[in-house]
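[1] missing the sequence, but the structure's below:
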């Protein structure tokens, strides 16, 4: 019997990434294929969708293999979230995430100068 796992893997990934069109439409509205902005969003969404699935699969395998515990993973995620948040605050002065959403101070207007309205 032939191993059909590689084909099932491709089929599952291809089916899952069809959601890219829904996300692109949600973000930009209905656009025709070939619209450069929408094509770029679809491409980015495809990568994000696959990365999320791969990350979940790898995490499950590592937890099942007892390479690390769930608590160790959660602490590592906390550490990474805090570090990335600090990086974002340095990149976008005047902006800070909080429980209620995003907070902006006077520096944010300078940071956002030149952004699209």
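    Noted; the coordinates are in hand. Keep in mind that this is a model prediction, so the values were computed, not measured.
[2] Distance from the chain centre to stretch 74-86, please.
    Mean-position distance between stretch 74-86 and its chain equals 15 Å (C-alpha atoms, centre = their mean, to the nearest Å).
[3] Also stretch 13-33?
    Chain-centre distance of stretch 13-33: 15 Å, with C-alpha atoms, centre = their mean.
[4] Could you list the residues in contact with that stretch?
    Outside stretch 13-33, the residues that touch it by C-beta atoms under 8 Å, 6 or more residues apart in numbering are 37, 38, 39, 41, 42, 43, 45, 46, 49, 50, 53. (Each C-beta comes from the backbone N, C-alpha and C, glycine too.)
[5] ok, how many other residues are close to residue 20?
    Neighbour count of residue 20, defined by other C-beta atoms under 10 Å: 19.
[6] could you flag which of the contacts of stretch 13-33 are buried?
    Buried by 16 or more other C-beta atoms under 10 Å: 38, 41, 42, 45, 46, 49, out of the contacts of stretch 13-33.
[7] Which members of those residues are the farthest-apart pair?
    38 and 49 (15.9 Å; C-beta to C-beta).
[8] ok, and what's touching the helix or strand hosting residue 108?
    Element membership of residue 108, judged by DSSP states H and E, is helix 106-111. Around helix 106-111, the neighbours that count as contacts under C-beta under 8 Å, 6+ apart are 92, 93, 94, 95.
[9] could you redo the last one with a cut-off of 10 Å?
    Helix 106-111 is contacted from outside by 91, 92, 93, 94, 95, 96, 102, 104, 105, using C-beta atoms under 10 Å, 6 or more residues apart in numbering.
[10] The residue nearest to the spatial centre of the chain sits in which helix or strand?
    The C-alpha lying nearest the average C-alpha coordinate of the chain belongs to residue 48 (C-alpha atoms, centre = their mean; 4.8 Å). Using DSSP H and E, residue 48 sits within helix 36-64.
[11] other SSEs contacting that helix?
    Here helix 36-64 touches helix 5-16, helix 20-28, helix 70-91, going by 3 or more C-beta pairs under 10 Å, 6 or more residues apart in numbering; DSSP states H and E.
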